[in-house]
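Undergrad: give me a 3D structure for the following:
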Amino acid sequence: MLNVERVREDFPILKTGIIYLDSVASSLTPKVVIDKMLEYYFEYRANIERGVYELSQRASSEYEEARRDVARFINAKSEAEIVMVKNATEGINVVAHSINWRKGDNIVTTMLEHHSNLLPWLRCKERYGVEVRLVKPNQQGIIDLADVERVVDHNTRLVAITHVSNVLGVITPVEEVAKIAKEHGALLLVDGAQSVPHMKVDVKKLNCDFLAFSGHKMCGPTGSGVLYMREELLNKLDPLYVGGGTVETVDPDGFKLVKGPARFEAGTPPIAEVIGLKAAVNYLTSIGLENVEAHEKLLAKKLYEGLTQIPKLEVYGPEPRFKLSITSFNVGDMNPHDVALILDSTAKIAVRSGLHCAQPLIKHMLRKPQGTLRVSTYLYTTEEEVEKFLTVIEEVAKSLT
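TA: Predicted coordinates for the structure are as follows:
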């Protein structure tokens, strides 16, 4: 069981009195992560894989330990399958522009996607002439596998799907989608930005070829992220970037790339951020993702039941058993930004408002051109904070009468 009050002691920013309900945009950062990054800057600030001196060797060791810890965190076969990137967006773009697309290829994705798992494929359509096919979920965000089966065929090169919607919180049937993709010889990319921080994710169980996620959403620093790439694919894809650190040999006429994840990590990486991500991964491991998920499901139920009982509120997405603790809603015809400002100014409650980088979903499916309010919780959110939020929102809704 999660000891939330004990966890909150690790997040100094919470002492300011803020009720932070925007964790799926970016989580708060525990002191242990910041301390680990400061340790790098204060004790062994040096570039990695570049020097034989002690500081560089220690920095290199810490960086590669991060790769190993991340591999264990998602049950990858080995650290060789872990490419360090800035965020999930970069990881997805690396895949999009490292595949050697062929004429006649198609890409299958969904209307649930964050722009980061849609725009790269639309750009592939423009640049490489591939076809992009969109699967439309129902109004609650539930994907019908029959719809996936209808659009995936033997010309499907890649299926790209979010694991958890950043707007509706709905958990998609990734394992079932994987079976459909594999039956047709297609690769599977999973956007894990909203799942990896909140639930136990096992890449072997998902049977995916790629998994991208961001450190800043899982107690880590900004500028850190991971692209899991199945080992068999590492040396078959052409890296998006080349340069320092990616080559084995170079001569005036050409170069030979190194094997393994380093071929996708051109230039000096965000060393302190990767070391901070390692601390975040170990922090979440010590707490237990199963405890985090159980806590968030409790809060999701409380939020959903509380919001759906308030008159003049329109709540989007499925009931709690189908999702994580992400809930989008609107208060009457009020602009969601205005409501967010009221929450902040009157009660120091931080929520997200707008289109959430998911315009096709919000504008064309939910038909909310101004967007929605979105409330999201994490391991440091208390039941009392949720109750306070519900009380304030109810007062806002009453003001419309």
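
Undergrad: please make it C-alpha for all contacts and neighbour counts, starting now.
TA: Noted.

Undergrad: low-confidence regions, the chain specifically.
TA: Applying pLDDT under 70 to the chain flags residues 401.

Undergrad: okay, now the domains of it?
TA: As recorded under automatic domain parsing, the domains making up the chain are 4-21+288-398, 32-286.

Undergrad: okay, those domains in CSV with mean neighbour count next?
TA: What follows is the domains of the chain, written out as CSV (neighbours: other Cα atoms under 10 Å):
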stretch, mean neighbour count
domain 4-21+288-398, 18
domain 32-286, 20
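
Undergrad: okay, helices next: where are they in the stretch 251-400 of the chain?
TA: For the stretch 251-400 of the chain, applying DSSP state H, counting those that start in this stretch gives helices covering 271-287, 289-308, 336-347, 359, 383-398.

Undergrad: now those as TSV including distance to K182?
TA: Listed next are the helices of the stretch 251-400 of the chain as TSV, based on distance: least, Cα to Cα, whole Å:
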stretch	distance to K182
helix 271-287	30
helix 289-308	28
helix 336-347	41
helix 359	30
helix 383-398	42
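
Undergrad: what helices or strands is the helix or strand encompassing V32 leaning on?
TA: Assigned by DSSP states H and E, V32 belongs to helix 31-43. If contacts are counted by 3 or more Cα pairs under 8 Å, 6 or more residues apart in numbering; DSSP states H and E, helix 31-43 sits against helix 271-287.

Undergrad: which elements pack onto the helix it packs on?
TA: Contacts defined by 3+ Cα pairs under 8 Å, 6+ apart place helix 271-287 against helix 31-43, helix 54-73.

Undergrad: tell me the strands beside the helix or strand just after the last one, with direction?
TA: Tracing the chain C-terminally past helix 54-73 and defining elements by DSSP H and E, one meets strand 82-85 next. Using DSSP bridges, the strands paired with strand 82-85 in its sheet are strand 225-229 (antiparallel).

Undergrad: identify the residues contacting the helix holding V32?
TA: The contact list for helix 31-43 (Cα atoms under 8 Å, 6 or more residues apart in numbering) reads 10-12, 55, 59, 219-221, 272-273, 275-277, 279-280, 283.

Undergrad: and if we set it to 7 Å?
TA: 10-11, 220, 272-273, 275-276, 279-280 (Cα atoms under 7 Å, 6 or more residues apart in numbering).

Undergrad: grab the CA positions of that helix and hand them over as PDB.
TA: C-alpha atoms of helix 31-43 as PDB (Å, rounded to 0.1, in the frame of the first residue of the first chain):
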ATOM      1  CA  LYS A  31      14.500  15.600  -4.000                       C
ATOM      2  CA  VAL A  32      16.400  12.400  -4.600                       C
ATOM      3  CA  VAL A  33      16.400  13.000  -8.400                       C
ATOM      4  CA  ILE A  34      17.600  16.600  -8.000                       C
ATOM      5  CA  ASP A  35      20.300  15.500  -5.500                       C
ATOM      6  CA  LYS A  36      21.600  12.900  -8.000                       C
ATOM      7  CA  MET A  37      21.800  15.500 -10.800                       C
ATOM      8  CA  LEU A  38      23.700  17.900  -8.500                       C
ATOM      9  CA  GLU A  39      26.100  15.100  -7.500                       C
ATOM     10  CA  TYR A  40      27.000  14.800 -11.200                       C
ATOM     11  CA  TYR A  41      27.600  18.500 -11.500                       C
ATOM     12  CA  PHE A  42      29.500  18.800  -8.200                       C
ATOM     13  CA  GLU A  43      31.500  15.600  -8.200                       C
END
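
Undergrad: any idea of the angle it forms with helix 54-73?
TA: 160 degrees (axes from the mean of the first three to the mean of the last three Cα atoms, to 10 degrees).

Undergrad: going forward, the N-terminal residue is numbered 25.
TA: From this message on, residue numbering opens at 25, which makes the last subject helix 55-67.

Undergrad: identify the residues contacting I116.
TA: I116 touches 141, 236, counting by Cα under 7 Å, 6+ apart.

Undergrad: measure it to P293 for me?
TA: 17 Å (Cα to Cα, to the nearest Å).

Undergrad: now do L182
TA: L182 is 28 Å from P293, by Cα to Cα.

Undergrad: check D233 too.
TA: D233 is 23 Å from P293, by Cα to Cα.

Undergrad: list the contacts for the residue nearest the centre of the chain?
TA: Nearest to the centroid of the C-alpha atoms of the chain, with distances taken as Cα atoms, centre = their mean, sits A217, at 0.8 Å. Going by Cα under 7 Å, 6+ apart, A217 touches 112, 236-238.
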